[in-house]
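>>> structure, please.
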Amino acid sequence: MSEDQYNRHQDGRFAETVHGETSVQLYDRTDGTFFYPSPFSNAESCVAFWNTVDVPDEIVDQLVNAYRARHQAQVATDDAEIDRLMLAWADEWMAANPEPGRWTPKEEKVAHRERYEADFNAHRAEIEPQVRTSRASRISAYDGRQLVRVLKMEAYRPNPDRYPEESLAVLDKHPVELYDETLTVRQIEQKYGLLELHGVTMKINPVTDQGVVDMLDLLNDRLMNANDALVAIRQNTTQTQY
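Model prediction:
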């Protein structure tokens, strides 16, 4: 006789299966580890676990280094975008305000250049806040471990489909103390964009201290090269027009 036959009434309808009390708990266990946590069904258990579990120093370093690298790359990207917009602006400005001719009095040439530079600086000041990514520029030494905990609370909060209220409670109802302010998990995510970096906290990467130094030196070299190129673009924008 099949299992389906055991679970049917005499009239053929399926009978409700009765389960006994769960003997092996999955949710909200207290024996999870940093790398292998239990899933959570409520905000209190989630916050309590990530508030007390040991956070490896290596993971803190990896998050801080990844955050710094992402910020430096974003600054270079933002600089390039600002310079692209300013080059386009400069072409439009010059088209509307042609450069004085060769025999134009010196005073008029100076006035034209000064007006260009003033308009250039004003326009750059206007667009820069619109382009720049409004994230914190760095993670302070005191906040690194706290931010790892916050990242994990956010990543492993109760399933929003199954426990929507508890999932939101993790984000909005459990303030986190940082060095110079107290914010909710959601506010910290808005300030730092941590969830994007979750991958660097999943395991300890087998990188030696010298390897980290070499990696950061290489990144700095690339950023210096990018900066040299941007300086050349800016000089072209402000000088070659004349």
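
>>> wait, residue 99 touches residue 112, no?
Yes. Residue 99 sits in contact with residue 112 when judged by C-beta atoms under 8 Å, with a separation of 7.0 Å. The C-beta positions use only the backbone N, C-alpha and C, and glycine is treated the same way.

>>> please say which of those two ends up with more neighbours.
Counting neighbours by other C-beta atoms under 10 Å for residue 99 and for residue 112 shows that residue 112 has the greater number, 17 against 13.

>>> contacting residues for the residue nearest the centre of the chain?
Computing the C-alpha centroid of the chain and ranking residues by C-alpha atoms, centre = their mean puts residue 193 first, at 2.7 Å. For residue 193, the contact set (C-beta atoms under 8 Å, 6 or more residues apart in numbering) comprises residue 135.

>>> now it: phi and psi?
The phi/psi pair for residue 193 (degrees, to the nearest 10) reads phi 60, psi 50.

>>> what's the separation between residue 164 and residue 41?
12 Å (C-beta to C-beta, to the nearest Å).

>>> ok, now which ones touch residue 41?
Residues 27, 28, 158, 162, 163, 166 are the ones in contact with residue 41 under the rule C-beta under 8 Å, 6+ apart.

>>> helices or strands up against the longest helix seen in the chain?
Longest among the helix segments of the chain by residue count, using DSSP state H, is helix 57-96. Counting contacts by 3 or more C-beta pairs under 8 Å, 6 or more residues apart in numbering; DSSP states H and E, the secondary-structure elements packed against helix 57-96 are helix 106-131, helix 144-155, helix 209-238.

>>> and the ones you listed, which one's lowest on average pLDDT?
Within the helices and strands packed on helix 57-96, confidence is poorest for helix 209-238, with a mean of 59 (mean pLDDT).

>>> thinking residue 156 is in contact with residue 36, fair?
No. Applying C-beta under 8 Å, one finds residue 156 not in contact with residue 36, separated by 10.9 Å.

>>> what residue ranges in this protein score low on pLDDT?
1-22, 207-242 (pLDDT under 70).

>>> what do you get if the cut-off is 90, keeping everything else the same?
Along the chain, the parts satisfying pLDDT under 90 run over 1-25, 30, 72-80, 82, 98-109, 127-137, 141, 205-242.

>>> from residue 156, how far off is the closest residue to residue 162 other than its chain neighbours?
Beyond its immediate neighbours in the sequence, the residue positioned closest to residue 162 (C-beta to C-beta, 6 or more residues apart in numbering) is residue 41, lying 7.9 Å away. Residue 41 sits 12 Å away from residue 156, taking C-beta to C-beta as the criterion.

>>> how about residue 180?
As judged by C-beta to C-beta, residue 180 and residue 156 stand 26 Å apart.

>>> please apply the same query to residue 188.
Here the criterion is C-beta to C-beta. By it, residue 188 lies 15 Å from residue 156.

>>> those two - which one has more neighbours?
When residue 188 and residue 156 are compared for neighbours, residue 188 comes out ahead with 24 against 18, by other C-beta under 10 Å.

>>> that one falls within a strand, correct?
No. When DSSP: H, G, I helix; E, B strand; the rest coil is applied, residue 188 is found to be helix, with no strand at that position.

>>> helix or strand: which one has the residue nearest to residue 162?
Element membership of residue 41 [criterion: DSSP states H and E] is none; it lies in no helix or strand.

>>> equivalent analysis for the one 10 residues further on, please.
Under the criterion DSSP H and E, the helix or strand holding residue 51 is helix 43-52.

>>> tilt between that helix and helix 144-155?
Interaxial angle of helix 43-52 relative to helix 144-155 (axes from the mean of the first three to the mean of the last three C-alpha atoms, to 10 degrees): 150 degrees.

>>> show me what helix 43-52 packs onto, helices and strands only.
If you count contacts as 3+ C-beta pairs under 8 Å, 6+ apart, helix 43-52 packs onto helix 144-155, helix 164-172.
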